[in-house]
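3D model of this:
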Amino acid sequence: MFYNNQAMMSKNLLLTGPPGIGKTTVVKSVIDILKQRLDGPPLCGFYTEEVRKEGQRIGFLIKTLRGREGLLAHRDFPSPHRVGKYGVSLENLENIAIPIIEAPCPGGILIIDEIGKMECFSTHFVRAVAEALDSPVPVISTIGMFEDRQIRNFKLRADVTMLEISLQNRDSLPTMIVRHILERE
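Reported below is the predicted structural model:
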């Protein structure tokens with residue numbers, strides 16, 4: 001389950017797994033559990049959601065924990081930045097996600113869902129994530145399994161703990177992650 005030798009000791013936690021395994025679901029469960037706790041830390045950041053039409057996935061939304069949202073990718077976007085059949089909106093990524101990543105979250109936790117192919121088209125996004133991981137604020141992020149240079153660099157950082165989500169552990173991970181977060185405080 002763990003990629004490095006640390007037993008969830010790093011302040012930065014990167015969750016990985018194959019597409020569709022439930023990375024975003026785990027992150028959203030962590031958010032829900034922490035929001036219900038009176039003693040929980042403040043949360044900032046964003047997550048992604050599928051956009052569906054007639055049962056078919058047609059795109060992805062970026063949703064901040066402060067209520068902003070916009071399309072990250074869509075089948076109909078005429079963007080030069082494409083992942084499969086989806087055109088990626090760097091403008092929405094940079095105008096919605098990056099300000100949240102760069103905003104201070106003192107005493108809190110920064111959620112980034114996700115560091116993936118779409119997001120890594122933006123050098124500004126990659127820089128903002130690197131700075132967030134360097135900051136004193138703990139980061140919980142999902143990260144793609146594919147290995148490009150940027151993704152590999154994030155995974156190999158000494159200050160991250162990698163967790164692979166599987167069918168066997170995805171239901172128990174949110175509680176384990178929250179317990180780790182509360183023990184670190």
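
in stretch 77-91, what's buried?
Phe77, Ser79, His81, Val83, Tyr86, Gly87, Val88, Ser89, Leu90 (16 or more other CB atoms under 10 Å). Where C-beta positions appear, they are placed from N, C-alpha and C, glycine not excepted.

any idea how far Phe77 is from the last one?
Shown here: Leu90 relative to Phe77, a distance of 10 Å by CB to CB, to the nearest Å.

Can you point out the buried residues in the helix ranked longest in the chain?
Determined from DSSP state H, the single longest helix within the chain is helix 23-36. By neighbour count with 16+ other CB under 10 Å, helix 23-36 contains the buried residues Lys23, Thr24, Val26, Val27, Lys28, Ser29, Val30, Ile31, Ile33, Leu34.

The closest residue to the fifth one other than its chain neighbours in helix, strand or coil?
With sequence-adjacent residues excluded and distances taken as CB to CB, 6 or more residues apart in numbering, Lys28 is closest to Tyr47, at 6.1 Å. The local conformation at Tyr47, judged by DSSP: H, G, I helix; E, B strand; the rest coil, is strand.

who's in contact with Tyr47?
Thr24, Val27, Lys28, Ile31, Lys63, Leu65, Ile111, Asp113 (CB atoms under 8 Å, 6 or more residues apart in numbering).

before we move on, back to that, among the buried residues of stretch 77-91, which one sits closest to Leu13?
Closest approach to Leu13 among the buried residues of stretch 77-91 (CB to CB): Val83, at 24.3 Å.

Go ahead and flag the most central residue of this structure.
Asp113 (2.1 Å; CA atoms, centre = their mean).

And the contacts of the lowest-mean-pLDDT helix or strand in the chain?
Sorting the helices and strands of the chain by mean pLDDT, DSSP states H and E puts helix 173-184 at the bottom, at a mean of 86. With contact meaning CB under 8 Å, 6+ apart, helix 173-184 is reached by 8, 11, 13, 15, 26, 29-30, 33-34, 37, 39-41, 109, 138, 140, 163, 165.
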